[in-house]
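Novice: sequence first, predicted model second:
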Amino acid sequence: MNDTAIYIWIGNYSIQAPHISTVLLGQPWDAFLPPLTGSFLGVGLAFLVNYLANKLHQRTLKKYYLNLLKEEINQSENRLNDAIDRFQKIDFNTFAQTTEGIYPDTLPIDCWNSILSSGDLRLFDKQREAGMLSKVYLGIQNYNCGLKRTIDAENELLLYAFPRDAQMSSLFGAANKKFINEKNSLIARGNALLDDIAQLKIRLNNKTLTSEST
């Protein structure tokens, strides 16, 4: 190939410059385009595939958690309604005639604990989902603690379910007062939690919010 010489003028002197085709390692510059283009495209495609695969994994994992959360929340709601109904019906006279206590199950938190321990709470929108989930599950943990105190007070009351003298009657009255306070506090806490659960279920069932990728 016949190359046309290129001259660079400096003042009254001229210097012949090497042809552009010989600048890059003795090869025409355009000879490097195919391998460079292929390398950049390969790296870019790999990043894109990895990004899309990660997004797909996050979306699939989030849907999996959502199904578990819905099941767990529904279970908590059912247990709450049952416990509140049973505690509202029990009173002084009931315990004066029976030694059978009321022992509702605690509310489940397994799915929530799994999300926290794995760091997957990041999959949920901080303002619209994670915040409400945190509020509800904090309420569930507080309820479970209150339920334990109520059951402890209930067991203490059952010790004096059949008072036979003035001293036993006095102990029964004190234990009953403690139980009623714990029971009423638990019922109030449970009703407030039911309201929060109702709001959370609306958000979890909102397909627009929960289908968004993070």
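Specialist: Thanks, I have the structure now.

Novice: need the residues that contact stretch 77-84.
Specialist: Surrounding stretch 77-84, the residues in contact under the criterion Cβ atoms under 8 Å, 6 or more residues apart in numbering are 104-107, 143, 147, 186-187, 190-191, 193-194, 197, 201. For every residue, glycine as well, the C-beta is placed using N, CA and C.

Novice: where along the protein do the helices fall?
Specialist: For the chain, the helices defined by DSSP state H occupy 33-89, 92-97, 110-118, 131-158, 166-204, 207-210.

Novice: and among the ones you listed, the most buried is which?
Specialist: Most buried of the helices of the chain, by mean neighbour count (mean count of other Cβ atoms under 10 Å): helix 131-158, with a mean of 18.

Novice: so for that one, what's the average pLDDT?
Specialist: For helix 131-158, mean pLDDT rounds to 93.

Novice: report the angle between that helix and helix 166-204.
Specialist: Our comparison of helix 131-158 with helix 166-204, counting by axes from the mean of the first three to the mean of the last three Cα atoms, to 10 degrees, yields an angle of 160 degrees.

Novice: about what we covered before: columns distance to D125 on top of the helices of the chain, output as JSON lines?
Specialist: What follows is these, written out as JSON lines (distance: least, Cβ to Cβ, whole Å):
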{"stretch": "helix 33-89", "distance to D125": "10"}
{"stretch": "helix 92-97", "distance to D125": "46"}
{"stretch": "helix 110-118", "distance to D125": "14"}
{"stretch": "helix 131-158", "distance to D125": "9"}
{"stretch": "helix 166-204", "distance to D125": "9"}
{"stretch": "helix 207-210", "distance to D125": "7"}
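
Novice: ok so, going back, and the contacts of stretch 77-84, which is closest to N67?
Specialist: Of all the contacts of stretch 77-84, K201 has the smallest distance to N67: 13.2 Å, by Cβ to Cβ.

Novice: if I look at the residue lying closest to that closest one once chain neighbours are set aside, what pLDDT would I see?
Specialist: Counting by Cβ to Cβ, 6 or more residues apart in numbering, I73 is the residue found nearest to K201 once chain neighbours are left out, at 6.2 Å. The model reports I73 with a pLDDT of 96.

Novice: ok, I73 to D152 distance?
Specialist: In this view, I73 and D152 are 27 Å apart by Cβ to Cβ, to the nearest Å.

Novice: list the contacts for the residue nearest to K201?
Specialist: Under the criterion of Cβ under 8 Å, 6+ apart, the contact partners of I73 comprise 136, 197, 200-201, 204.

Novice: now do the same for the nearest residue to I102 once chain neighbours are set aside: its pLDDT.
Specialist: Spatially, and ignoring its direct neighbours in sequence, I102 is nearest to R86 (5.1 Å; Cβ to Cβ, 6+ apart). Listed pLDDT for R86 reads 89.
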